[in-house]
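In: Here is my input; please provide its structure:
(one chain, ligands or ions: 1)
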Amino acid sequence: MPQDPTATSDVAVIGGGVIGLAVAWRAAQRGLSVCVLERGELGAGASHVAAGMLAAVTEADAGELALLELGLRSARAWPDFAARLSDAAGADPGLRSSGALVVARDRDEAEALERELALRIELGLDVRRLLPSAARRLEPALAPTLRLALDVPGDHCADPRALVLALAEAARRAGVTLRTGCAVQRVQHRGGHVTGAGLAGGEVVRAARVVVAAGAWSGAIAGLPRIPLRPVKGQILRLRDPAGAGLLERIVRFEGGYLVPRGDGRYVLGATMEERGFDTTVTAGGIYELLRDAGELVPGVHELVIEEMAAGLRPATPDNAPLLGRAAELGGLHWATGHHRNGILLAPVTAELVVDGLLDGGADVPAAFAAARFAGVPA
Ligand SMILES: Cc1cc2nc3c(=O)[nH]c(=O)nc-3n(C[C@H](O)[C@H](O)[C@H](O)COP(=O)(O)OP(=O)(O)OC[C@H]3O[C@@H](n4cnc5c(N)ncnc54)[C@H](O)[C@@H]3O)c2cc1C
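Out: Residues are numbered from 1 along each chain as shown. Predicted coordinates for the structure are as follows:
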């Protein structure tokens, strides 16, 4: 790989969300000098809003088998990633081995759940069918009107805000330069190879390699090959039980949403899926539907205190899988974006694959995640 002798960092990472920070931390641990350029505050994008489910099994889709494999690999990596991160940062990312229940309210939903169960059994995934009485023994807060449930013991969760704090601290301690308030306008290149990142004020941060981890905004940076990335809006509530922990132990998922317990009386209730461009307004209709559906299944939700309502933008590609690794069109350019609904789950595996690609002689990412799969697809 041609190196720029005047470069100030080996790697400039654009975007300080979970993905950019995870890549920066692991790259520094593996001997590279790294600078993160974040236009706002660290973790202020989708990572600030995310619920934090590590939901490889519940998110499985028959048409997305490569993504399922990637998710399962990252789920397996999570315990070790969290332990190493806690050691490195002195702060832990809130990993909880909660397991998840997927529940149905009526006959139509129960039939859909049977199909989900059959698919997962066919794929060899660990899922169990539960009668309503058995589900209510596990989670007594579930409504008696429940029709059917699936037990998914291997889907857990982390706390994305704690994850951002831990990653930022670990990155700092590993020698990463973290610059906030630095909007990258353009990726600079010469002779077919990147030379750095041009900031809004005119400064150019020189680097031999540039990682694009700018979430839903990754396609808006000048000087990059075009990628088909779009924002998918999600509204979410953060709730707190004044009575403390205990309403729910497991993640509860239902048609149109989920409740994620943090284990200390706090809950995340999410999330809408809306195609509204870069709009992050919170709407009465979005919040009403989430509360209505969750309250039908877990009536105790109505007693919880609303601490926050927010909306974030998931970075989505046409096949819902991320864009990872070297860009064919431009030497030194690496993608780490497009994680859509699963950026928290996929942070460990993304960091490993992208950092492998940053190191000389490192392996290429699997073709299912390379940007080349979208060659010819309009941006
Ligand atoms: C409501 C909701 C719920 C979710 N729940 C889950 C979940 O339960 N589990 C899960 O795995 N995933 C979940 N996700 C998805 C997850 O949040 C994302 O996939 C993940 O946060 C993407 O991380 P990122 O670092 O790529 O993007 P972001 O967190 O959006 O970070 C990108 C960063 O880049 C910065 N940036 C943008 N442009 C520039 C620029 N030009 N220059 C410098 N900086 C720039 C932004 O300010 C931002 O901080 C959820 C998302 C939403 C919206």
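In: need the residues of the stretch 251-379 of the chain near the ligand, please.
Out: 270-271, 312, 314-315, 337, 339-345 (CB under 6 Å from any ligand atom). (Glycine included, C-beta is placed from N, CA and C.)
In: Let's see which of those end up in helices.
Out: 343-345 (DSSP state H).
In: which one of these sits closest to the ligand?
Out: Nearest to the ligand among those is Gly343, at 2.2 Å by CB to the nearest ligand atom.
In: Give the burial count for that closest one, as a bare number.
Out: Neighbour count for Gly343, taken as other CB atoms under 10 Å: 26.
In: the helices in the stretch 1-150 of the chain, which residues?
Out: Using DSSP state H, counting those that start in this stretch, the helices of the stretch 1-150 of the chain run over 18-29, 46-49, 65-89, 107-122, 132-138.
In: what's the closest of the ones you listed to Gln188?
Out: Closest to Gln188 of the helices of the stretch 1-150 of the chain, according to CB to CB: helix 18-29, at 18.4 Å.
In: Briefly note if that closest one comes near the ligand.
Out: Yes. Helix 18-29 lies within reach of the ligand by CB under 6 Å from any ligand atom, at 18-20.
In: Get me the contact residues on the stretch 51-200 of the chain for the ligand.
Out: Within the stretch 51-200 of the chain, the positions adjacent to the ligand are 51-53, 183-184 by CB under 6 Å from any ligand atom.
In: Tell me which entries of the residues you listed lie within strands.
Out: Counting by DSSP state E, these place 53, 184 in strands.
In: Including distance to Tyr288 and pLDDT, could the residues of the stretch 51-200 of the chain next to the ligand go into a markdown table?
Out: Listed next are those as a markdown table, based on distance: CB to CB, whole Å; pLDDT from 0 to 100:
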| residue | distance to Tyr288 | pLDDT |
| --- | --- | --- |
| Ala51 | 19 | 98 |
| Gly52 | 24 | 98 |
| Met53 | 23 | 98 |
| Ala183 | 35 | 97 |
| Val184 | 38 | 98 |
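In: Need the residues that contact stretch 195-209.
Out: 1, 3-4, 6-12, 14, 35, 37, 39, 179, 182-189, 194, 210, 223, 332-334, 358 (CB atoms under 8 Å, 6 or more residues apart in numbering).
In: List only those of those residues flagged as buried.
Out: For the contacts of stretch 195-209, a burial check counting by 16 or more other CB atoms under 10 Å picks out 4, 7, 9-12, 14, 35, 37, 39, 179, 182-185, 187-189, 194, 210, 223, 332-334, 358.
In: can you give me the helices in the stretch 201-350 of the chain?
Out: Using DSSP H, counting those that start in this stretch, the helices of the stretch 201-350 of the chain run over residues 284-297, 343-358.
In: Near Gly201, how many other residues are there?
Out: Gly201 has 9 nearby residues by other CB under 10 Å.
In: returning to that earlier point: would you list the residues of the stretch 51-200 of the chain next to the ligand in CSV and tack on distance to Ala284?
Out: Shown next, in CSV, are these (distance: CB to CB, whole Å):
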residue, distance to Ala284
Ala51, 21
Gly52, 25
Met53, 25
Ala183, 32
Val184, 36
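In: Which of the residues of the stretch 51-200 of the chain next to the ligand sits closest to Leu125?
Out: Nearest to Leu125 among these, with distances taken as CB to CB, is Met53, at 15.4 Å.
In: how much space between His339 and Glu59?
Out: For His339, the distance to Glu59 equals 12 Å [CB to CB, to the nearest Å].
In: In terms of packing, which of these two has more residues around it?
Out: Looking at His339 and Glu59 with other CB under 10 Å, you find the greater number of neighbours at His339, namely 30 against 19.
In: Phi, psi for that one please.
Out: phi -80, psi 0 (degrees, to the nearest 10).
In: Provide the backbone phi and psi angles at the spatially closest residue to it that is not a sequence neighbour.
Out: Excluding the flanking residues, the one nearest His339 by CB to CB, 6 or more residues apart in numbering is Pro322, at 4.8 Å. When quoted as degrees, to the nearest 10, the phi and psi of Pro322 stand at phi -70, psi 170.
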